[in-house]
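Undergrad: what follows is a predicted protein model with its sequence.
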Amino acid sequence: MPFLQYVRIVARTTFTIVNNLYCVPAYVVWMMMLRLVRPLYAPIYWKIEGLMYHWLLAMVSLWAWTAGYEIVETGDDPVACMGRRTLVLANHQSTGDVPLLMTTWNPRPGVLSNLMWIMDRVFKFTNFGIVSVLHEDFFIQAGKAKREQSLDELREHIHKSYIPLGRQFMVLFPEGGFLHKRREISQRFAEKNNLPKLEYVSLPRAGAMKVILEEMGPLRDEGASTSKGKKDDNFNQSNSRRKSLVNKEIGDTIEWILDVTIAYPDRIPLHLQDIVCGIRPPCSTHIHYRLYPCTDVPADTEGMTNWLYDRFVEKDKMLEEYYRTGKFPSNGPTANVQRTVRQDNLRYLILHLFFIASTLIQLKVYYYLITLFYQ
């Protein structure tokens with residue numbers, strides 16, 4: 001590796017660490033201070049929190065942007081679902097998926113600030129964990145032993161956080177893990193159950209989507225009768241009635257499914273270390289959108305599972321064609337019109353100045369308080 005590339009990697013890594021040190025604590029301190037007045041001014045608090053959450057995720061998008069990792073979008077224009085409750089389904093290949101989705105959506109006003117991630121519980125213990133806790137993202141526990149408990153917690157979180165806070169987008173990775181970890185298990189499961197063996201994605205798990213659409217889907221009342229056992233059936237019917245009342249007041253129905261397919265150059269995923277350190281040469285990651293009305297999804301468990309399987313079988317075929325031809329299959333006259341995602345450098349500069357100024361102000365306050373305490 002050339003000496004200058006080593007210097008670049010060290011410089012980028014240092015910048016990212018420093019960037020975290022003056023951005024994440026600044027966000028946390030402002031939110032903890034404003035939390036004191038949240039009981040009186042909750043709508044204003046969550047408006048400010050959403051805005052600052054977006055600004056913080058913009059810093060992550062900066063890492064990818066400055067490394068030369070551009071995003072190219074094709075397929076349906078997601079502008080149709082802006083301002084509507086939308087469930088986002090994405091394939092999952094690496095630790096680079098989430099930062100690149102942040103980069104993709106950063107220029108779109110009102111997306112990142114009104115978004116809830118469903119992520120593995122392990123991310124709760126990263127540097128961004130406290131941010132996700134304050135934003136009230138959802139941490140799901142992996143493994144069969146915790147699966148039912150996690151789904152019950154997701155059901156509760158929808159009514160405790162997602163609906164009351166007016167979030168619009170909910171991001172779910174139905175595969176339940178990275179492709180390289182899931183592919184072999186998925187193919188064995190497919191062979192055992194007479195399902196397609198997928199190469200570019202793995203078979204999805206429908207549990208989380210089932211919970212989301214039972215609680216917020218337009219056909220949720222129809223799906224209540226398919227639940228297991230009389231006790232579960234009564235619970236779902238009661239829950240549906242309660243949600244219908246909420247729906248009349250705040251509109252809690254998921255209206256759209258945004259199906260996102262991420263294709264990396266040469267079939268080699270970008271990883272977080274690539275984005276942070278800029279290890280790989282500049283390249284373009286391709287993101288393809290398919291937009292479905294939520295009413296297209298069957299309400300019953302079997303129909304919903306098959307619908308989700310069909311989407312991932314389609315993803316597998318689309319990715320196969322993309323890696324063979326460099327283009328996704330055309331689903332209409334504008335399906336392959338490429339839209340390169342552009343970032344605003346001036347906005348990045350302003351956000352840096354805001355977080356640096358916030359850190360300096362907070363340190364000044366800390367110093368004053370400590371001095372006052374020891375006088």
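TA: Cool, got the structure.
Undergrad: just the helices in the stretch 101-250 of the chain please.
TA: Assigned by DSSP state H, counting those that start in this stretch, the helices in the stretch 101-250 of the chain fall at 129-135, 144-157, 179-192, 207-216, 220-223, 229-250.
Undergrad: what about stretch 349-367, average pLDDT?
TA: Regarding stretch 349-367, the rounded mean pLDDT is 95.
Undergrad: buried residues, it. List them.
TA: Buried residues in stretch 349-367, counted by 16 or more other CB atoms under 10 Å: 351-352, 355, 358-359, 362. In this view, the C-beta of every residue, glycine as well, is placed from N, C-alpha and C.
Undergrad: weakest of the helices of the stretch 101-250 of the chain in terms of mean pLDDT?
TA: helix 229-250 (a mean of 40).
Undergrad: so what touches the helix or strand hosting Val60?
TA: For Val60, the host element (DSSP states H and E) is helix 42-66. Helix 42-66 has contacts (CB atoms under 8 Å, 6 or more residues apart in numbering) with 12, 16, 19, 23-24, 27, 30-31, 34-35, 37-38, 99-100, 102-103, 106, 111-114, 131, 134-135, 165-166, 275-276, 278, 343, 347-348, 351, 354-355.
Undergrad: for this structure, where's the lowest mean pLDDT among helices and strands?
TA: helix 229-250 (a mean of 40; mean pLDDT, DSSP states H and E).
Undergrad: now the element after it, going C-ward?
TA: Assigned by DSSP H and E, the successor of helix 229-250 is strand 256-263.
Undergrad: could you give me the buried positions within the helix or strand following that following strand?
TA: Toward the C-terminus, strand 256-263 is succeeded by helix 272-277 as the next helix or strand (DSSP H and E). Neighbour-count burial for helix 272-277 flags 272, 274-277 (criterion: 16+ other CB under 10 Å).
Undergrad: from those residues, pick the one nearest Glu191.
TA: Leu272 (32.5 Å; CB to CB).
Undergrad: identify each buried residue in stretch 120-134, please.
TA: Within stretch 120-134, the residues scored as buried using 16+ other CB under 10 Å are 123, 128-132, 134.
Undergrad: redo those as TSV? Include distance to Leu219.
TA: Formatted as TSV, these follow (distance: CB to CB, whole Å):
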residue	distance to Leu219
Phe123	32
Phe128	35
Gly129	35
Ile130	37
Val131	34
Ser132	30
Leu134	34
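Undergrad: quick one, whatever helix or strand Ala11 lives in and helix 42-66 angle?
TA: Here Ala11 sits within helix 3-34, counting by DSSP H and E. Using axes from the mean of the first three to the mean of the last three CA atoms, to 10 degrees, the inter-axis angle of helix 3-34 relative to helix 42-66 is 180 degrees.
Undergrad: residue ranges with poor pLDDT in the stretch 251-375 of the chain?
TA: 251, 331-336 (pLDDT under 70).
Undergrad: which strand in this protein runs the most residues?
TA: strand 283-293 (DSSP state E).
Undergrad: helices or strands up against the following helix or strand past it?
TA: Per DSSP H and E, the first helix or strand lying C-terminal to strand 283-293 is helix 301-325. Here helix 301-325 touches helix 207-216, strand 256-263, strand 283-293, going by 3 or more CB pairs under 8 Å, 6 or more residues apart in numbering; DSSP states H and E.
Undergrad: give me the nearest residue to Asp76, chain neighbours excluded.
TA: In this structure, Asp76 finds its nearest non-sequential neighbour in Leu291, 4.1 Å apart by CB to CB, 6 or more residues apart in numbering.
Undergrad: who's that neighbour bridged to?
TA: Legend: beta-bridge partners of Leu291 under DSSP bridges are Leu258.
Undergrad: can you tell me which residues contact Glu156?
TA: Contacts of Glu156 (CB under 8 Å, 6+ apart): none.
Undergrad: no wait, Gly217
TA: Residues in contact with Gly217 (CB under 8 Å, 6+ apart) are 223, 253-254, 294, 297, 299.
Undergrad: against Pro204, how distant is it?
TA: Using CB to CB, to the nearest Å, Gly217 is found at 17 Å from Pro204.
Undergrad: list the buried residues in the helix holding Val60.
TA: Neighbour counts over helix 42-66 (16+ other CB under 10 Å) mark 45-46, 49-50, 52-65 as buried.
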